[in-house]
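Participant: Turn this into a model:
(chains A and B)
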2 protein chains.
Amino acid sequence: MFASETVETRVKSIQLPDENVFKNLKTARRFAIDIGGSLAKLAYTATVQRKTSRVLEDDKDADSIYQVSDTNETVVRLHFVKFETKFIEGCLDFIQSHIRGVHSSLREMCLKVTGGGGYKYEELISRKLAVKVDREDEITCLIKGCNFLLKNIPDESFIYQRHGSPEYKFQGVDLNIFPYLLVNIGSGVSLIKVESDNQFDRIGGTATGGGTFWGLGSLLTKAKTFDDLLLLAEKGDHREVDMLVKDIYGGAYSLIGLPADLIASSFGKAARSPRKSSHNNIEETQTQFKEEDLARSLLLSISNDIGQIAYLHARLHGLKKIYFGGYFIRGHPLTMHTITYAINYWSKGEIQPLFLRHEGYLGAIGAFLKGAEEDDAEKYSWEENFAGSSGLAQSSRVLQTQNSNFDMLELDRLEKATLPFPLLLDPDLYQPDTVDLTQDTQARQYWLQCFIDGTKKQEEQAIKSQSQEEDAVTRAAMFREQYLARLEALKLNPCAFGSLNVRGLLDMRSHILKEFNFTDSYSQQKQLENEQALRCLADRLQTLDGISDPGDRALELARGLLAGNVFDWGAKEVADIMETGELRFEDAEEKLQVRPWLLDDFDAWLGKRLNGHTYHCAAIFCDNSGADIILGVFPFVRDLLKSGSKVILCVNSRPTLNDVTYQELLILLRRVAAICPVICEAAETNQLVVMASGQGSPCLDLRYIDEDLVSMLKSEGTDLVVIEGMGRAIHTNFDARFTCDSLKVAVLKNRWLAQRFGGDMFSVVFRFEEGSRLNKQPGTCQDERTGIYENKQHGTSQ
Amino acid sequence: MFASETVETRVKSIQLPDENVFKNLKTARRFAIDIGGSLAKLAYTATVQRKTSRVLEDDKDADSIYQVSDTNETVVRLHFVKFETKFIEGCLDFIQSHIRGVHSSLREMCLKVTGGGGYKYEELISRKLAVKVDREDEITCLIKGCNFLLKNIPDESFIYQRHGSPEYKFQGVDLNIFPYLLVNIGSGVSLIKVESDNQFDRIGGTATGGGTFWGLGSLLTKAKTFDDLLLLAEKGDHREVDMLVKDIYGGAYSLIGLPADLIASSFGKAARSPRKSSHNNIEETQTQFKEEDLARSLLLSISNDIGQIAYLHARLHGLKKIYFGGYFIRGHPLTMHTITYAINYWSKGEIQPLFLRHEGYLGAIGAFLKGAEEDDAEKYSWEENFAGSSGLAQSSRVLQTQNSNFDMLELDRLEKATLPFPLLLDPDLYQPDTVDLTQDTQARQYWLQCFIDGTKKQEEQAIKSQSQEEDAVTRAAMFREQYLARLEALKLNPCAFGSLNVRGLLDMRSHILKEFNFTDSYSQQKQLENEQALRCLADRLQTLDGISDPGDRALELARGLLAGNVFDWGAKEVADIMETGELRFEDAEEKLQVRPWLLDDFDAWLGKRLNGHTYHCAAIFCDNSGADIILGVFPFVRDLLKSGSKVILCVNSRPTLNDVTYQELLILLRRVAAICPVICEAAETNQLVVMASGQGSPCLDLRYIDEDLVSMLKSEGTDLVVIEGMGRAIHTNFDARFTCDSLKVAVLKNRWLAQRFGGDMFSVVFRFEEGSRLNKQPGTCQDERTGIYENKQHGTSQ
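Facilitator: Below is the predicted model:
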């Protein structure tokens, strides 16, 4: 029942833009709302039903190794919608009409309300939705929401650097978020010192906030909205209105370090001069100032003031991080710039001014969490859904053209909690992505175009995977439209969803495909390739066993791993080859770069092994289905098992592209075991285990690893990490360093990327690094390591 | 030559109000000017020549003991004049025309300029006055000026308590002025941490200052001047414009301690509502706010902001005192109230917000001192001249009616440096005055009327003392006019010159008399009475020597001291008796209250003396000429000398009323020595010495004692302090406590005061206290002690 309804609602919501805003209302439960003077933020959970592929093992005698069938999966999703408070009545009506009848229990439900407007609209909400309304403390909600975002959303916070490259410097994931100062700039300003989840204190505040900006702005200009006023400010020249240091002293006041252009007195030039007013009438004197200049002066004055007060409170309390939130900020570059400037000016760089991508939702998230405490919402891991979320508010240059004032944030609950990978050398400094596309303009242009170009193929694959579904073509077209729109938007504002990188572009494509019910477009393709590869496995093992020299055999194992990795539907140029005809394993091996490879640590790897070193336990992060996992990885694993190592195969929990999934690999393992006695015995004795990584991406973000895998990695004393493939070892983790030995193995199957590395198509990266301990400045480690990639870049740019 | 010119200039200056502003220009030298955006402050020294009486010893055979003749004394005076910067050209012209020809050396002189305007007006000043202009650093000058005022001017700083009694709580003299935070609110705001005379640091600042208030005020209202804008603010209701906590939350936000009426968002209610603006046109929406409400909101917003920033900087630097200055303050009650409220709110009373009576002059004083460094201006002690100084800027209620925008401060240089009296128990807590007339409304009303009533008599005495002078009547009338005007002004604003007290009223009268060349109105009267008393001394000594019982003799000595104190021209009721006929010493003794006296510690005093205790050195602060010093004090001194004590007679350095002066007492001592061998020998051996106290008042301010006397008091091991007379022991020092024994002896010769003490005319105070050490909370000491007076007060008011 739910399935069809969900599809209907979704499709309808796409056709009716208004309904696109409050999605999944039919399965919605647990509402919370944060009502501010100008913006209201609604939060609710809904269960989203969607189609996915299920693999079921066939009888051993059947033709295929397993059956792929459709099934429904239920995703718990957190929806946040921000809209102007003035539309609240209409929104409540809309919600009421969409949930009526569905939730007979809504009457007994409790809706959490927070924010200043809670008090005003309590009765209206209670009446419209026929629910009991519970008010929650505003600041408690703010903090709860802020902690939740900082813990769950990577790149939630950023430093703003006007005219910097990148303009937004995202902060990744902060493992130690406390203590910090939250400066919430609503109509007024609250400064809250946060020391832990439950320990916080409003240490200060000022009445000069967003209400002052908009209030004085209303009196001084004809701006019709807050955003209009910001636009005016963006255009103005404050020097026409403000008295600068040089206006008083003729230059800098060097003795006390005041630069000539520093504002000495906000609005100082607007003071009525007795001489002027005696000649002109007052009206004339007043209209000599341009609205935009006044607006800018006002914005600078208030932002500077808040900046200084925030700095002073942070200093007094020894806080090094200040997060600025509240409707005054709304991602406005000039505002963020001025506040940042003030904090840097006063703290001389010792205190970090930080902004939040979702600052508008703090209160709503907090209120929701208060209401969902019995659901343990805070114990789950959540993932930002790039299909449903609006992305960072654009600068006022862009705001101007936006008609819709609805902004959304959607978070999907992960089935299991995740934890950081336990073998990272420095988890605080770990950053999965190798290239920051917000900084690297050339790379950004290339990759955005690359994904734009590849969308058509993804669309076709999606349709192909659901050829029996009537609406597959329509849904696939919708995927294409939405994804292309996102890619175009990212050209304008690369920072909309945090740091832009290849991983994010891949994940966003995945999210949107799933949103349109294409959860596993490659399921049949993977099935086919797995079957083909399985048929070749016995021969491959025999070939390997025929090599008597251990060094030669080790090399062939490595080459096999690499050759397998050539079979990648995610790599456009390889996909083209595979589409036009069969690619045999031997052909793939032929394509590999001749040694010395582009990055060739094979001798070091071999040396250590020949020297008699055996690993206690190896964790291998696998990539593709088919030849890659079966002909490349399994023989490599078999060799490790023979040397006595335990092996943990870490594979994606959720499908993406042709990457092998946990469910698939469990079946494949049994098939391989049937062929190879070594594997068979190891699987039976748990010397070889398959574990879900917690991931669902072609890349690998080691900050979010399935908690069970983390636990096993620790308990087994893992001393080797093998990461395979372009997504996991090149786009991400190329610079990752571990406390144990690591092997990063990949074939560069993208010509542009290969050339950037100073190589060519099918260049090989075989990077072996011994584990290290943090015994020098972590910064130094990182610098040394990015060197390889950086040098290549320099090489090609000459 | 100078004398007649000075008189001419002065008289002329009184007839021409304009010229009353820049006084004594003919003798002016060392100019300095602080030019701000709206106010300019000129500083200069001038030498003022004035007539005074000189006493010259006659031949021993002559009729009179000494001759009184007129002479000229030269006073060095520091003039400060504040005027609106817009009048600067006219002022420079005026100055130039008045000093031309007099100062041939002006061309070689250097004029110090500071303040923001220094840079703008440098050329104009140099051209107009034909002087070399030297720019001085603004902040250095500010601090120099601030330190100078805090050290030299009692009651310079005050706490402002709106609706408090008193409204201004003056801080007396702070012996340890460092460290402090100076917040200078000009167009912008500078925060300067001051740690010593030469150590200071601009630790912060904000561009939201006076320029912002006047700038935004010019845009939002039709106010023509800064003061108009303040007047508007005083009348307005900020709640019409500001969003209060209760406007958002319906009441207080109790959880975080925000009261309902706290401003949540300045100008929050002025924000343009989209609903409103769609119905009305924008102009209508804008004019819904009253100018006065906007002005008030603006004033509160800026004051609160500065208050918070100042508090935070003070906290960061561990500073407990914040002085607020700069043209934004200008003594405006609402401004001071808001800043005070903010500091108290944030610091919970731990940091003191202080204002300065002469804050406008800091820069000018500093610049002047920079120029006068070779004159050692900072090594002298200075006294505020109440005749020439304007007093504290009135509240805006009064400002409204003031046409003149010239404000003046005059400081007279004392001949010698002064130091605090070294035997005070707690110099930090010492406060000379017994009753604060700013707090005690009943007493204020009585004393102001009492001085108004007595002015006629002072005028007559002044004329009588200069009967040979043609212009004496005119000058005396001018004295009367100015003094009465001051007294009337003090009725309106009792805080204009610091804490109001009887001492200040007496000193102000003295200053104005001197200003009109009546330096010593009682010189002939004193001469006459001294002669009369000398003729009775031998008999008096014989009477005393005839008393054989030591106790009886001690009592008679005490009664003699008291009887002598009855002869007081400063006490109206006694003066009436003395005017109508001769008052004999015996008659005076008859008038004394019968024992037990109103405050009677005689038995304790006697007990200690009979017990064989002898004092090493007694310091006696003497009161009147005539019977008091000769028949009362000298016999008492003779007894002390006989018991082996050294005696230091401490007498006024400068004449006032009929108080004996240093010059007079030197002559009198020789006359007394001729009569009494004990005195004669003691004087010859320096067992008895006469010392100038450094004072020129009928009262005694132990914070300013001649440095030579201080040095002698210390070196001689003084262990008894005797303070005699109503002015020195009742109006002042009644509550003073010493580290050595002390005796306060006075006859209450004012019926109202006597009754207030629970006594009657001629009630006797004979207070003996043993010296103590600071071994408990100083506060407790003080509380205990004022009890006596306080209780009496309560008694009479029932």
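
Participant: Which strand or helix spans A:Ala538?
Facilitator: Per DSSP states H and E, A:Ala538 falls inside helix A:523-545.

Participant: Name the surrounding residues that touch that helix.
Facilitator: With Cβ atoms under 8 Å, 6 or more residues apart in numbering or on different chains as the test, helix A:523-545 has contacts from A:53, A:55, A:64-66, A:68, A:461, A:465, A:553, A:556-557, A:560, A:567, A:569, A:585, A:625-627, A:629-631, A:634-635, A:638-639, A:655, A:658, A:660, A:664, A:668, A:671-672, A:675-676. Using the backbone N, CA and C atoms, a C-beta is placed for each residue, glycine as well.

Participant: for that helix, what is the average pLDDT?
Facilitator: Average pLDDT, helix A:523-545: 94.

Participant: buried residues in it?
Facilitator: By 16 or more other Cβ atoms under 10 Å in any protein chain shown, the buried positions in helix A:523-545 come out as A:523, A:525-527, A:529-534, A:537, A:540-541, A:544.

Participant: Wait, A:Asn501 touches A:Asp433, no?
Facilitator: Yes - between A:Asn501 and A:Asp433 there is a contact under Cβ atoms under 8 Å: 3.9 Å.

Participant: So these two - more neighbours on which side?
Facilitator: Neighbour count, other Cβ atoms under 10 Å in any protein chain shown: between A:Asn501 and A:Asp433, A:Asn501 has more, with 26 against 20.

Participant: Now do the same contact list for that one.
Facilitator: By Cβ under 8 Å, 6+ apart, the neighbours of A:Asn501 are A:Asp433, A:Thr434, A:Val435, A:Asp436, A:Leu437, A:His731, A:Thr732.

Participant: and these as JSON lines, adding secondary structure?
Facilitator: Formatted as JSON lines, the contacts of A:Asn501 follow (DSSP: H, G, I helix; E, B strand; the rest coil):
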{"residue": "A:Asp433", "secondary structure": "strand"}
{"residue": "A:Thr434", "secondary structure": "coil"}
{"residue": "A:Val435", "secondary structure": "coil"}
{"residue": "A:Asp436", "secondary structure": "coil"}
{"residue": "A:Leu437", "secondary structure": "coil"}
{"residue": "A:His731", "secondary structure": "helix"}
{"residue": "A:Thr732", "secondary structure": "strand"}
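
Participant: Can I get the helix or strand harbouring A:Asn72 in PDB, CA atoms only?
Facilitator: Using DSSP H and E, the element containing A:Asn72 is strand A:66-84. This file holds the C-alpha atoms of strand A:66-84, laid out as PDB (Å, rounded to 0.1, in the frame of the first residue of the first chain):
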ATOM      1  CA  TYR A  66      21.900 -15.700  -7.900                       C
ATOM      2  CA  GLN A  67      18.600 -14.100  -8.800                       C
ATOM      3  CA  VAL A  68      18.100 -10.300  -8.800                       C
ATOM      4  CA  SER A  69      14.600  -9.300  -7.800                       C
ATOM      5  CA  ASP A  70      12.900  -6.100  -6.900                       C
ATOM      6  CA  THR A  71      12.000  -5.400  -3.300                       C
ATOM      7  CA  ASN A  72      11.000  -2.400  -1.200                       C
ATOM      8  CA  GLU A  73      13.200  -0.800   1.300                       C
ATOM      9  CA  THR A  74      12.100   1.700   3.900                       C
ATOM     10  CA  VAL A  75      14.300   4.700   4.600                       C
ATOM     11  CA  VAL A  76      13.600   6.900   7.500                       C
ATOM     12  CA  ARG A  77      14.100  10.500   6.400                       C
ATOM     13  CA  LEU A  78      14.200  13.700   8.300                       C
ATOM     14  CA  HIS A  79      12.700  16.600   6.400                       C
ATOM     15  CA  PHE A  80      13.300  20.200   7.200                       C
ATOM     16  CA  VAL A  81      11.500  22.900   5.300                       C
ATOM     17  CA  LYS A  82      12.200  26.600   5.800                       C
ATOM     18  CA  PHE A  83       9.600  29.200   4.700                       C
ATOM     19  CA  GLU A  84       8.700  32.700   5.500                       C
END
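
Participant: can you give me the mean pLDDT across it?
Facilitator: The average pLDDT within strand A:66-84 is 86.

Participant: so where is chain A shaky, pLDDT-wise?
Facilitator: Low-confidence segments of chain A (pLDDT under 70): A:1-20, A:59-62, A:100-108, A:273-287, A:374-377, A:392-405, A:774-798.

Participant: okay, now the domains of it?
Facilitator: As given by automatic domain parsing, the domain ranges for chain A are A:7-142+A:363-380, A:157-241+A:289-356, A:441-515, A:523-793.

Participant: Kindly reformat those as JSON lines containing distance to B:Gly36.
Facilitator: Putting those into JSON lines (distance: least, Cβ to Cβ, whole Å) gives the following:
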{"stretch": "domain A:7-142+A:363-380", "distance to B:Gly36": "39"}
{"stretch": "domain A:157-241+A:289-356", "distance to B:Gly36": "20"}
{"stretch": "domain A:441-515", "distance to B:Gly36": "46"}
{"stretch": "domain A:523-793", "distance to B:Gly36": "50"}
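
Participant: Need the winner for burial among those domains.
Facilitator: domain A:157-241+A:289-356 (a mean of 22; mean count of other Cβ atoms under 10 Å in any protein chain shown).
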